[in-house]
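Q: would you be able to build a 3D model of this:
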Amino acid sequence: MMNKSKIQIHPEGKIDIHSRTQKYRKALDRLKEDKVINTENKNLILDFIHDCALGKTILGKCKKKIGPSRCLKYLGILRQISDAFGTSFNQVNQKDMETYIQDLENDKYKTYFGSPYSEATKADIKKAIKKFWKWKDGNNKVYPELVEWIDTYVSVKEIPALNRDEVDRMIEYARNPRDKAIIAVLFDSGARVEEILNVRLKSDHLFWKENIGCFMIRLEFSKTKPRTISLPLSTKYIKDWLKMHPAKGNPQAQLFPMTYPSLKMMIKRLGAKTLNRRVTPHMMRHSSATFYANKLKNPFKLCYRYGWTMASKEVNRYLDREGILEEETSELVKGDEISRANKEKMEMSEELSIVKESYSELEEKFENLNKELGNIQNGKGFMKLIFDLAKKQKQMSEVIQQMLGKKFDIIRPSGFGA
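A: Model prediction:
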């Protein structure tokens with residue numbers, strides 16, 4: 001644990017935890033002083049980077065300016081492909097471009113450490129090439145024929161995620177309240193490391209929400225958009241850490257006064273020790289999104305919590321991974337089946353009611369007949385039976401007499417008995 005005298009209090013504004021701005025400026029100066037690179041290419045690269053920083057390479061979007069981190073990446077890539085082509089970018093033809101892309105795919109080009117580029121890095125290189133030529137020859141509107149065919153798709157790689165129990169084990173074995181709190185907050189918030197290390201002690205960044213009983217955190221400096229999110233799982237650890245924070249009286253102090261390398265190393269060592277796994281800060285974000293996807297099950301809420309745009313494919317990646325998108329389908333099908341079963345049950349109930357009514361009528365008639373038969377057998381109903389038969393006989397006699405009293409004309413067919 002660091003003491004108060006060793007804590008660096010950064011000035012107001014964003015803390016560049018990766019020192020990208022400084023690295024970018026140095027890389028820009030080195031390029032300007034480079035005597036080996038093709039002069040035309042150097043000037044084109046410098047002009048391109050200048051327009052990127054001004055936001056002139058992106059048309060029709062709100063966020064136009066490209067920051068130092070991305071510009072630094074473009075500088076490195078364009079410097080490398082200038083060496084690979086060995087000629088002015090203005091002289092590169094279709095065959096040259098196809099050869100370079102093929103060599104890139106076949107791992108002819110290596111990293112500084114001699115290992116092949118990852119598929120994601122290859123995609124970044126191809127995207128940079130397309131963007132550069134779109135700026136150079138397409139007026140930032142269309143990709144010229146030279147590069148429009150280049151495929152920048154990269155298949156999504158499944159990142160292993162930690163479950164809640166594994167995160168709890170890391171928290172349990174963390175050696176001090178600061179480490180316990182930052183692991184808990186990284187998992188709970190799912191925030192990017194740059195976002196978390198830019199959170200300060202001031203009330204604008206960290207405050208208590210009484211009605212939900214937990215801390216809220218404001219991620220002001222975000223790669224995408226600022227947001228305020230709740231920390232229900234990590235509030236306990238934040239409380240413990242704030243009691244011991246060496247600069248708790250200074251609102252400008254970081255909530256977690258650490259550098260990115262020290263945070264990365266702490267998580268790596270703790271993951272290896274407790275889980276025997278390679279754990280990274282980004283894995284904590286991925287694990288958080290996996291956990292909360294099962295809790296929220298709502299694309300809009302997930303996009304807000306993790307700082308994704310609604311057009312981002314990331315949210316569906318997590319919902320799909322956990323099978324949540326199909327849960328709704330299953331519920332709809334189950335609902336239809338239940339409705340159908342209820343309808344059939346109702347129809348059967350109606351039919352059963354009709355059967356019961358018919359059975360009651362038959363039962364009543366049977367009882368009456370049985371009663372009459374019993375009376376006859378006992379002699380009690382014999383006279384009634386005689387009177388009924390006599391009455392019916394009299395009625396039949398009257399009908400016969402009426403028929404005999406009538407005259408009938410017999411009409412014989414023509415030709416019969418002539």
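Q: now do the phi/psi pair for the spatially closest residue to residue 212 that is not a sequence neighbour.
A: Leaving aside its sequence neighbours, residue 212 sits nearest to residue 230 (C-beta to C-beta, 6 or more residues apart in numbering; 6.3 Å). C-betas here are computed from N, CA, C, even on glycine. Taking degrees, to the nearest 10, you get phi -90, psi 160 for the backbone angles of residue 230.
Q: ok, residue 230 touching residue 216?
A: Yes - between residue 230 and residue 216 there is a contact under C-beta atoms under 8 Å: 5.7 Å.
Q: shared neighbours of the two, anything?
A: In terms of C-beta atoms under 8 Å, 6 or more residues apart in numbering, residue 230 and residue 216 are both contacted by the residues residue 209.
Q: OK, contacts around the residue nearest to residue 212?
A: So residue 230 contacts 209, 212, 214, 215, 216 (C-beta under 8 Å, 6+ apart).
Q: widest-spaced pair of those?
A: Maximum pairwise distance in those, criterion C-beta to C-beta, is 9.7 Å, between 212 and 215.
Q: of these two, which one has the most company?
A: residue 215 (21 against 11; other C-beta atoms under 10 Å).
Q: any idea which element that one lies in?
A: strand 214-219 (DSSP states H and E).
Q: also residue 49?
A: Per DSSP H and E: residue 49 is located in helix 39-54.
Q: for that helix, name the packing helices and strands.
A: With contacts taken as 3 or more C-beta pairs under 8 Å, 6 or more residues apart in numbering; DSSP states H and E, helix 39-54 sits against helix 20-33, helix 68-85, helix 119-137.
Q: try it again at 6 Å.
A: With contacts taken as 3 or more C-beta pairs under 6 Å, 6 or more residues apart in numbering; DSSP states H and E, helix 39-54 sits against helix 68-85.
Q: now do the helices in the stretch 201-350 of the chain.
A: 235-244, 260-274, 281-296, 299-306, 314-321, 324-377 (DSSP state H, counting those that start in this stretch).
Q: what's the most buried one of the ones you listed?
A: Compared across the helices of the stretch 201-350 of the chain, helix 281-296 shows the largest average neighbour count, a mean of 20 (mean count of other C-beta atoms under 10 Å).
Q: for the record, mean pLDDT for the helix holding residue 49?
A: Mean per-residue pLDDT for helix 39-54: 96.
Q: and the strand holding residue 215, what does it pack onto?
A: With contacts defined as 3+ C-beta pairs under 6 Å, 6+ apart, strand 214-219 has these neighbours: strand 206-209, strand 227-231, helix 235-244.
Q: please identify which of the helices of the stretch 201-350 of the chain is closest to residue 72.
A: Taking the helices of the stretch 201-350 of the chain one by one with C-beta to C-beta, helix 260-274 is closest: 15.6 Å.
Q: tell me the angle of the closest one relative to helix 281-296?
A: 70 degrees (axes from the mean of the first three to the mean of the last three C-alpha atoms, to 10 degrees).
Q: show me what helix 260-274 is packed against.
A: So helix 260-274, by 3+ C-beta pairs under 6 Å, 6+ apart, packs with helix 164-173.
Q: 8 Å instead?
A: By 3+ C-beta pairs under 8 Å, 6+ apart, helix 260-274 packs against helix 164-173, helix 177-189, helix 193-196, helix 281-296.
Q: domains of this protein: list them as residue ranges, please.
A: Per automatic domain parsing, the structural domains of the chain span 14-137, 164-308, 326-386.
Q: now these as JSON lines including distance to residue 157?
A: Formatted as JSON lines, the domains of the chain follow (distance: least, C-beta to C-beta, whole Å):
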{"stretch": "domain 14-137", "distance to residue 157": "8"}
{"stretch": "domain 164-308", "distance to residue 157": "11"}
{"stretch": "domain 326-386", "distance to residue 157": "22"}
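Q: looking at those domains, which is nearest to residue 153?
A: That would be domain 14-137 among the domains of the chain, by C-beta to C-beta, at 7.3 Å.
Q: show me where pLDDT drops low in this structure?
A: Residue ranges of the chain with pLDDT under 70: 1-5, 61-63, 321-337, 355-359, 372-396, 398-418.
Q: find the residue at the geometric middle of it.
A: Nearest to the mean C-alpha position of the chain, by C-alpha atoms, centre = their mean, lies residue 315 at 2.9 Å.
Q: quick one: it and residue 299 touch, right?
A: Yes - judged on C-beta under 8 Å, residue 315 makes contact with residue 299 at a distance of 4.9 Å.
Q: quick one: end-to-end length of stretch 299-312, please.
A: End-to-end distance of stretch 299-312 (C-alpha to C-alpha, to the nearest Å): 10 Å.
Q: tell me how far that stretch is from the chain's mean position?
A: Put simply, stretch 299-312 sits 8 Å off its chain's centre (C-alpha atoms, centre = their mean, to the nearest Å).
Q: ok, stretch 339-359 next?
A: 45 Å.
Q: repeat that for stretch 123-131.
A: Centre to centre, stretch against its chain (C-alpha atoms, centre = their mean), the figure for stretch 123-131 is 27 Å.
Q: ok, stretch 281-293 next?
A: The gap between where stretch 281-293 is centred and where its chain is centred comes out at 12 Å by C-alpha atoms, centre = their mean.
Q: likewise for stretch 95-114?
A: Stretch 95-114 sits 35 Å away from the centroid of its parent chain (C-alpha atoms, centre = their mean).
Q: ditto for stretch 362-371
A: The answer for stretch 362-371 is 70 Å, by C-alpha atoms, centre = their mean.
Q: residues in contact with it?
A: With C-beta under 8 Å, 6+ apart, stretch 362-371 has no contacts at all.
Q: next: stretch 109-118.
A: Applying C-beta under 8 Å, 6+ apart, the set of residues contacting stretch 109-118 is 80, 84, 103, 104, 107, 121, 125.
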